[in-house]
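Student: based on what follows, work out the 3D shape:
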Amino acid sequence: MLIELAPKQAGWMHWDKLQHVLVFMMLSLLGAHAYLHRYYLAIGLILYGAIIEVLQNMFTITRQASIYDWVADFVGVYVGLVIFALLQRITNRQSL
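Tutor: Okay, the predicted model is just below:
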């Protein structure tokens, strides 16, 4: 039995992508604060986003993989690391 879901009718149509960006931005901000190797953190989070998309396509019937969700994850990681770098720069200037 195949369950078909109706497309979302109400609300902002890109809300899902914004949620992906915000979640991965927070993950990268927290991870950057905890780990020194931010390059590995970024790669790990980007791979994590890709794995989530593949697994939800394989093991759920109500969700499907989306390259756009993965791109939103990537953007969130990038934005989070840029914000972290800017905050680090600001705090380093204030300590001088």
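
Student: where along the protein do the helices fall?
Tutor: Per DSSP state H, the chain carries helices over the ranges 15-34, 38-59, 67-94.

Student: how about CSV for those helices, with mean neighbour count and mean pLDDT added?
Tutor: Backbone N, C-alpha and C define where each C-beta goes, glycine included. What follows is those, written out as CSV (neighbours: other CB atoms under 10 Å; pLDDT from 0 to 100):
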stretch, mean neighbour count, mean pLDDT
helix 15-34, 17, 96
helix 38-59, 14, 95
helix 67-94, 15, 94
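
Student: determine the number of other residues adjacent to Met13.
Tutor: 10 (other CB atoms under 10 Å).

Student: phi, psi of it?
Tutor: phi -70, psi -20 (degrees, to the nearest 10).

Student: also Thr60?
Tutor: Phi and psi for Thr60, reported as degrees, to the nearest 10, are phi -130, psi 160.

Student: Trp70 touches Ala50, doesn't it?
Tutor: Yes - between Trp70 and Ala50 there is a contact under CB atoms under 8 Å: 5.5 Å.

Student: list the contacts of Phe59.
Tutor: By CB atoms under 8 Å, 6 or more residues apart in numbering, the contact list for Phe59 is empty.

Student: also Tyr68?
Tutor: Residues counted as contacts of Tyr68 (CB under 8 Å, 6+ apart) are Lys17.

Student: what of Ile52?
Tutor: Asp73.
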